[in-house]
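Engineer: the following comprises the amino acid sequence and a computationally predicted model.
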Amino acid sequence: MHSYRRNTGFSILELMIVVAIVGIMVVIGVPSMQSFIKNSCLSTGTSNLVVSLSLARSESIKRRATVSLFASNAAGNNEWGSGWAVFLDADNDGTLDAGETTLRAITLDCTQTTIDETGNRTSFRFTSGGTVDQSGQFDICDDRAGETGRQINLSNSGRASNNSKYGGCA
């Protein structure tokens, strides 16, 4: 008496169906993932800048000293896109010099996100009263057009406000 065992492996047809289903899921999922990553980069850049502006303002009031925000590697239409520093500005010149105390340094890793100060300013000085030397406006964009960008407005009083439906990105 012979006993027959049934094969328990996959047939080539079953394997090809699974590969086709996985391929379809990847084709559908990749564009959504790219959009998710770009939105995350915009949100991260905006949040980091608003928090840094608020930190500079509050530290200038708390310490009764000038605190500045300075773009790390200012270049072209992306003055603030690679990062910035918040520091105690001992000589009130708006630039980070040796010996000045850095309170916070931000480095951004999203290469497709640009942060442009519309007046091409690379520094803002907050006085001991929390006011800023000059108002400013930051446009935070990526390679998509339309209302995907963000905008931060810095008033003379030193307060930052965020517009998350900014449509000025080209």
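Structural biologist: Everything's here; your move. As the structure is a computational prediction, the values presented were derived from the model and not from experiment.

Engineer: quick check: the gap between the residue positioned nearest the centre of the chain and L13.
Structural biologist: Compute the mean C-alpha point of the chain, and by C-alpha atoms, centre = their mean the closest residue is G45, 1.5 Å away. Distance, G45 to L13, using C-beta to C-beta, to the nearest Å: 49 Å. Every residue, glycine included, has its C-beta placed from N, CA and C.

Engineer: go on, G167?
Structural biologist: For G167, the distance to L13 - C-beta to C-beta - is 51 Å.

Engineer: over to S155?
Structural biologist: 67 Å.

Engineer: who's more crowded, these two?
Structural biologist: Neighbours of S155 and L13, each counted by other C-beta atoms under 10 Å, are more numerous for S155; the result is 12 against 7.

Engineer: what does the helix or strand encompassing R150 contact?
Structural biologist: Element membership of R150 [criterion: DSSP states H and E] is strand 149-154. Strand 149-154 has contacts (C-beta atoms under 8 Å, 6 or more residues apart in numbering) with 42-43, 45-46, 49-50, 53, 124, 132, 135-142, 160-164, 166-169.

Engineer: in that strand, which residues are buried?
Structural biologist: Neighbour counts over strand 149-154 (16 or more other C-beta atoms under 10 Å) mark 149-152, 154 as buried.

Engineer: what's around G136, how many residues?
Structural biologist: G136 has 20 neighbouring residues, counting by other C-beta under 10 Å.

Engineer: please disregard the earlier target; I meant V132.
Structural biologist: Here the count is done by other C-beta under 10 Å, and V132 has 23 residues near it.

Engineer: so it makes contact with G94?
Structural biologist: No - counting by C-beta atoms under 8 Å, V132 stays clear of G94, with 10.9 Å between them.

Engineer: now the strands: where do they sit in the chain?
Structural biologist: Using DSSP state E, the strands of the chain run over residues 67-71, 83-88, 102-107, 114-117, 123-126, 136-141, 149-154, 160-166.

Engineer: ranges for the helices of this structure?
Structural biologist: Assigned by DSSP state H, the helices in the chain fall at 12-63.

Engineer: any low-confidence regions in it?
Structural biologist: Residues of the chain meeting the criterion pLDDT under 70: 1-7, 74-78, 146-147, 170.
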